[in-house]
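A.B. asks: Based on what follows, work out the 3D shape:
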Amino acid sequence: MAASALAQRIDLPVTRPPRASVRWAVAIASCAAAASVFVISSHMEVPAPEVGAGLVAWITLSYVACGLIAWSRRPESRFGPLMVAAGFGPLLSRLSEVDASLPQSIGEPCRLLPIVLFLHVFLAYPSGRLEGGFERVLVTAGYATAVGFGLAAMMLGLSGHKSLIEVLDRPDAAGIMLGIGRVGTAAVALTGLGALLLRTRSLRRPVRRSLVRASFALTLLTLAAGVVARHFNWPAAEPIKWVGFTLIGVAPVLFLVGFLQTRLARSAVADLFIELRTHPAPADLRDALARALRDPSLKLVYWLPEFGSYAGVDGQEVDLGELGAGRAVTLIDQEGAHVAALIHEPGLNDEPELLDAATAAAAISLENGRLHAELRARLQELRGSRARIVDAGQKERQRLERNLHDGAQQRLIALSLELGFLEERLAGHPEATARLDQARQEIATSLDELRAVAHGIHPAVVTGHGLEIGLEQLAARASVPVRLEVKIEGRLPERLEVAAFYLVSESLANIGKHAKATSATVEVARANGQLTVEVVDDGVGGADTERGSGLRGLADRVEALEGRLRVWSPNGGGTRLRAEIPCVL
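C.D. replies: Modelled structure (predicted):
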């Protein structure tokens, strides 16, 4: 609990930029710290001490300078003050090299502190806040390990050091404590390395930020390796230290590059304002936002109050609660009411000013897009209603056909048989026999008409045997010779088969009534996810799709299935009818 509370205090937000006096004081202090570090480091008994002193001084100045820039430009972020604190870390560490009691008593416990400070900076980039409880506990454990074991070593009388806080003269135990602190700090750094690698792998944008985190991870690996190598006196300790110092010094440069790129990205919002003055189409609005925010995967959805949901430009409903961990949402409100939402990469949340500016610019063109999305949503609803009406009508016709077949038709057949029995009994009464025979013929005619009506209501042959058999029966009963070609393997959804059957049936009926044709051709095929029905005759042509209900009814049926019906009928050139209906099994 104590560690968690300390970590929470580490992430307290800063909302005010530093005053000019504070900035000047920090800048002067950093120059003094860099000079002190340079003097101390240049007197150390190491290879090329001046080079090392220059690197450490550069680290101090660069971190403090970049931290002041970030603090001033983005005061709501904790990252600027954190970088300033990290910049003074090397001075505290180098105090352990001063041959005096007070500096050594301060410096030895802080010898490993810069490693944890840099870890904190790397994990908190770019918002300045640690993400999740694990990272907070990890950084808190790093501070406790680096400083705590150093304090314990000084209290136990670390060999070769002048300590003001020495309690016992146990240099062996002090050496053990110092070793545990070094190994523990290295372990914390390596754990932070793993956290950075996981985060870099999970973020797909922006690429520059992933590269910065990758360089941070390499720096942590080098620092951890350097601590372990120094503790065990490995020959590679000194080269690893130089590499680590170099990488640490490069990090502020990477941060400045990222900061400048962010500023350039914000300038793109000004271009967005200019572009939106032309009131672009909804799809162009999304593209403009994607360019301004540098997120090609960005999606713009609109709030539709009537439907109580968000929808894309295509009218399809979008559930913001089912986007997954790899996406983030920024809501766009106007006067306290929902208007739209941006679905984007989570990395954009680290640049709230950029998001706010882009959404404010887009607000002027959102109404047009919202109306477009609402229109498409209504169109989707209309298509669904038409499809449901077609299905309901088809089921009702099927029920009527079944009732006629099983009810009235069976009763007429039974009546015809009963009349046949009466005719046999009245064989000696010619007049009665003639009347019964006439009644039986009327019943047979009624049965034929009833079968025709039932067949027109719903083609039972199609339901029972498939489209090809049903079309063969139509071709056989047609008034003109019909060449039939069916290229379909297996069965299709029933509503498609019924639609194709009625299309051919109505077309052949029109040919017999109006076309004065001598032959007709019917071709039905399914290819590339589409059912194609084509009927051609050699008649007089001149068919008008706007007159009469036949062709208009066929067009409605085809369009209800999201298909298209086209008719070519020049005078004297015959008629060609072609329907194309989506067919995805």
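
A.B. asks: from here on, contacts and neighbour counts on C-alpha atoms
C.D. replies: Fine.

A.B. asks: for stretch 317-330, how far is the first residue from the last?
C.D. replies: End-to-end span of stretch 317-330 (C-alpha to C-alpha, to the nearest Å): 17 Å.

A.B. asks: Stretch 342-355 now?
C.D. replies: End-to-end distance for stretch 342-355, by C-alpha to C-alpha: 9 Å.

A.B. asks: Repeat that for stretch 507-516.
C.D. replies: 13 Å.

A.B. asks: what number of residues lie near Val482?
C.D. replies: Neighbourhood size, Val482 [other C-alpha atoms under 10 Å]: 21.

A.B. asks: Surely it is in contact with Thr518?
C.D. replies: No - the criterion here is C-alpha atoms under 8 Å, and Val482 misses it with Thr518 at 9.3 Å.

A.B. asks: what number of residues lie near Asn528?
C.D. replies: 8.

A.B. asks: ok, it to Arg19 distance?
C.D. replies: Asn528 is 69 Å from Arg19, by C-alpha to C-alpha.

A.B. asks: just Asp537 next, same as before
C.D. replies: Between Asp537 and Arg19 the distance is 89 Å, computed by C-alpha to C-alpha.

A.B. asks: Between the two, which is the more surrounded one?
C.D. replies: Asp537 (25 against 10).

A.B. asks: tell me the phi and psi of that one?
C.D. replies: phi -130, psi 170 (degrees, to the nearest 10).

A.B. asks: change the start of the numbering to 41 and stick with it
C.D. replies: With 41 as the first residue, the last one maps to Asp577.

A.B. asks: Leu142: what's it in contact with?
C.D. replies: Lys202, Ser203, Leu204 (C-alpha atoms under 8 Å, 6 or more residues apart in numbering).

A.B. asks: Does the first one touch Pro143 like I think?
C.D. replies: No - when contacts are counted by C-alpha under 8 Å, Lys202 is not listed as touching Pro143 (9.0 Å).

A.B. asks: Just among the contacts of Leu142, which is most surrounded?
C.D. replies: Each of those was scored by neighbours using other C-alpha under 10 Å; the highest score is Ser203's, at 23 neighbours.

A.B. asks: check which helix or strand covers that residue.
C.D. replies: Counting by DSSP states H and E, there is no helix or strand that carries Ser203.

A.B. asks: next one: Val607
C.D. replies: Per DSSP H and E, Val607 falls inside strand 604-608.

A.B. asks: Each with direction, which strands does that strand pair with?
C.D. replies: Strand pairing for strand 604-608, determined by DSSP bridges: strand 615-622 (antiparallel).

A.B. asks: Please enumerate residues in contact with the partner strand?
C.D. replies: By C-alpha under 8 Å, 6+ apart, strand 615-622 touches 569-583, 598, 601-609.

A.B. asks: Can I get that strand in CSV, CA atoms only?
C.D. replies: Provided in CSV are the C-alpha atoms of strand 615-622 (Å, rounded to 0.1, in the frame of the first residue of the first chain):
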residue,chain,number,x,y,z
THR,A,615,-37.1,-7.4,-76.1
ARG,A,616,-34.2,-8.3,-73.8
LEU,A,617,-34.8,-8.5,-70.1
ARG,A,618,-31.8,-9.0,-67.7
ALA,A,619,-31.9,-9.2,-63.9
GLU,A,620,-28.8,-9.3,-61.7
ILE,A,621,-29.4,-10.3,-58.1
PRO,A,622,-26.7,-10.7,-55.4
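
A.B. asks: show me what contacts the closest residue to Leu95 other than its chain neighbours?
C.D. replies: Leaving aside its chain neighbours, Leu95 sits nearest to Phe285 (6.6 Å; criterion: C-alpha to C-alpha, 6 or more residues apart in numbering). Contact analysis of Phe285 by C-alpha under 8 Å, 6+ apart lists Leu95, Val96, Ile99.

A.B. asks: Ser133: neighbouring residues, count only.
C.D. replies: 22.

A.B. asks: now the one 4 residues further on
C.D. replies: When neighbours are counted by other C-alpha under 10 Å, Glu137 registers 17.

A.B. asks: ok, now Leu617?
C.D. replies: 19.

A.B. asks: hang on, isn't Gly92 packed against Ser82?
C.D. replies: Yes - here Gly92 reaches Ser82: they are 7.4 Å apart, a contact under C-alpha under 8 Å.

A.B. asks: residue ranges with poor pLDDT in the stretch 291-440 of the chain?
C.D. replies: Scanning the stretch 291-440 of the chain for pLDDT under 70 picks out the ranges 296-323, 365, 375-376, 387, 390-393, 401-440.

A.B. asks: Next: the stretch 91-240 of the chain.
C.D. replies: In the stretch 91-240 of the chain, residues with pLDDT under 70: 239-240.

A.B. asks: What segments of it are helices?
C.D. replies: 119-134, 141-147, 153-164, 172-195, 211-242 (DSSP state H, counting those that start in this stretch).

A.B. asks: quick check, nearest of the contacts of Leu142 to Ser547?
C.D. replies: Ser203 (106.1 Å; C-alpha to C-alpha).

A.B. asks: Tell me what the closest residue to Leu605 other than its chain neighbours is bridged to.
C.D. replies: Once flanking residues are discounted, Leu605 sits nearest to Ala619: 4.4 Å by C-alpha to C-alpha, 6+ apart. Legend: beta-bridge partners of Ala619 under DSSP bridges are Val573, Leu605.

A.B. asks: Between Gly92 and Ser82, which has more neighbouring residues?
C.D. replies: Gly92 (20 against 17).

A.B. asks: Just give me the neighbour total for the residue nearest to that one when sequence neighbours are not counted.
C.D. replies: Of all residues beyond its chain neighbours, the one nearest Gly92 is Ser81 (6.8 Å), with distances taken as C-alpha to C-alpha, 6+ apart. By other C-alpha under 10 Å, the residues close to Ser81 number 25.

A.B. asks: Report whether Ser81 is found in a helix, as I expect.
C.D. replies: Yes - assessed by DSSP: H, G, I helix; E, B strand; the rest coil, Ser81 belongs to a helix.

A.B. asks: quick one, what contacts it?
C.D. replies: Contacts of Ser81 (C-alpha under 8 Å, 6+ apart): Pro89, Glu90, Gly92, Ala93, Val96, Arg134.

A.B. asks: Now do the strands in the protein.
C.D. replies: 339-344, 349-351, 357-358, 368-374, 377-384, 522-527, 560-567, 570-577, 604-608, 615-622 (DSSP state E).

A.B. asks: other SSEs contacting the fourth one?
C.D. replies: Right, strand 368-374. strand 377-384 (3 or more C-alpha pairs under 8 Å, 6 or more residues apart in numbering; DSSP states H and E).

A.B. asks: what do you get for the fifth one?
C.D. replies: The elements that strand 377-384 packs onto, with contact taken as 3+ C-alpha pairs under 8 Å, 6+ apart, are strand 339-344, strand 368-374, helix 406-443.

A.B. asks: now swap in the first one and tell me
C.D. replies: In terms of contacts (3+ C-alpha pairs under 8 Å, 6+ apart), strand 339-344 is packed against strand 349-351, strand 377-384, helix 406-443.

A.B. asks: what do you get if the cut-off is 10 Å, keeping everything else the same?
C.D. replies: Contact here means 3 or more C-alpha pairs under 10 Å, 6 or more residues apart in numbering; DSSP states H and E; on that basis strand 339-344 packs against helix 322-333, strand 349-351, strand 357-358, strand 368-374, strand 377-384, helix 406-443.

A.B. asks: mind listing what that strand pairs with, with the direction of each?
C.D. replies: Note on strand 339-344: by DSSP bridges, its sheet partners are strand 349-351 (antiparallel), strand 377-384 (antiparallel).

A.B. asks: Pipe those strands into a markdown table and attach distance to Gly504 and mean neighbour count per row.
C.D. replies: Shown next, in a markdown table, are the strands paired with strand 339-344 (distance: least, C-alpha to C-alpha, whole Å; neighbours: other C-alpha atoms under 10 Å):
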| stretch | distance to Gly504 | mean neighbour count |
| --- | --- | --- |
| strand 349-351 | 41 | 21 |
| strand 377-384 | 49 | 19 |
